[in-house]
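[1] Only the shape, not the letters, is given here:
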């Protein structure tokens, strides 16, 4: 029997439910967590105690309520180097991890890469099995693929709450293959009309499949041009002009690549003004707690030292800045689970290099201070606790989605967060 868990906090209702404040979500991209846990990584809390019972329950105990997972079309086709960087998330992997996230009572963000390996602003290559398809065939393929993935996620009990139709797609996606001549790649630029009909048709077809299979999920369009706001605004202006239907502007913000918090603040203010009907989420962020690699664009170590305390200071400052923006409803730390402690690198390594911007010390396995302040992003929600479960047979007068749509007066079959009789509740 399903249960309803009541959150202990009051909701402000205006004239209608649609005026309610947006729910906030905080967590991280934990796409390698199963690999770390399977291979014997030892996670410890800040005091050095070994964390038992799995990391997802522990993250939830620390106030996190959402997690993000990436999906590749066929990661077996990735290069050896890319596999060593953590490319392995095929559909079976993602279904299993997605179900664990949902079973832990968290929201799930699914990040489609639409590639066999990393998709980002400098590489948006077609999957190997799609490389010979014509444009028209690709329009059908992206719809069919997205639909099939979501059908399988639903059947596995891993229905996404947020769906990214592409990863860091500031210049389009599915450009072609690496061997193509540069002049034939289907890249998109804000000050040109070239390739935009192609790109936005792909987006629309993917989004259509999302609406059909996961009608309650919110669509995220993910870019990373915070350091180049003219390109950023131009991108969202373009997809608006082509009628792309989405809900959330998703941003990557790494201060060592994208600049100061003052710059981010300016961008967020402009986005809120220009696209007032959209939510905004920081779907990737991070800051180093140990050595900072060469080649970063901005060295902010004088403000935020490269240490656990410096990482915490950045996190606190970021949250404080985001709290000034009512449209910002999500914050996700990228690769928060990185932890090489306890692994045998001769036989059971997870990656080929340590990542020193996660939320655990690779040499001790201890959680870093920043992990414990992420929940502050939720503001008043951070103090939410759970009451004892109520019997599902209790009389229900009205059930609404978080965006104010009434869906009946019986307990929903799908897990998620709802407004039930005027209170925000989780259906498990």
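    Thanks, I have the structure now. In this text the structure is predicted, and so the values were computed from the model without any measurement.
[2] need the longest helix for this protein.
    helix 135-155 (DSSP state H).
[3] So what's the residue count around residue 165?
    26 (other Cβ atoms under 10 Å). Every residue, glycine included, has its C-beta placed from N, CA and C.
[4] and it, bridged to which residues?
    residue 112 (DSSP bridges).
[5] Can you get me a residue count around residue 139?
    Other residues close to residue 139 by other Cβ under 10 Å number 17.
[6] and if you look at the one 3 residues further on?
    For residue 142, the neighbour count with other Cβ under 10 Å is 27.
[7] List the contacts of it.
    Neighbouring residues of residue 142 by Cβ atoms under 8 Å, 6 or more residues apart in numbering: 114, 174, 202, 205, 206, 209.
[8] mind running it again at 10 Å?
    By Cβ atoms under 10 Å, 6 or more residues apart in numbering, the contact set of residue 142 is 112, 114, 130, 133, 165-166, 173-174, 201-209.
[9] how close does it sit to residue 120?
    Counting by Cβ to Cβ, to the nearest Å, the gap from residue 142 to residue 120 is 18 Å.
[10] again with residue 262
    Going from residue 262 to residue 120 by Cβ to Cβ gives 25 Å.
[11] More neighbours: these two, which one.
    For residue 262 versus residue 120, the count of surrounding residues by other Cβ under 10 Å is larger for residue 120: 16 against 8.
[12] The more buried one against residue 175, yeah?
    No. Counting by Cβ atoms under 10 Å, residue 120 does not reach residue 175; the two are 11.8 Å apart.
[13] before we move on, the earlier item: and the longest helix of the chain, how far out from the chain middle?
    20 Å (Cα atoms, centre = their mean, to the nearest Å).
[14] list the buried ones in that helix?
    138, 139, 141, 142, 143, 145, 146, 147, 149, 150, 153 (16 or more other Cβ atoms under 10 Å).
[15] for residue 330, what are its contacts?
    Applying Cβ under 10 Å, 6+ apart to residue 330 gives the contacts 22-27, 66, 68, 107, 109, 162, 218, 220, 248, 250-251, 279-283, 322, 377.
[16] Now intersect these with the helices, please.
    Reading helices off the contacts of residue 330 with DSSP H, I get residue 322.
[17] and the helix or strand harbouring residue 94 with helix 135-155, angle?
    Using DSSP states H and E, residue 94 maps to helix 91-103. Helix 91-103 and helix 135-155 meet at an angle of 40 degrees, taking axes from the mean of the first three to the mean of the last three Cα atoms, to 10 degrees as the criterion.
[18] what about helix 91-103, average pLDDT?
    The average of the pLDDT scores along helix 91-103 is 98.
[19] Show me what it packs onto, helices and strands only.
    helix 33-38, helix 55-61, strand 66-71, strand 107-112, helix 135-155 (3 or more Cβ pairs under 10 Å, 6 or more residues apart in numbering; DSSP states H and E).
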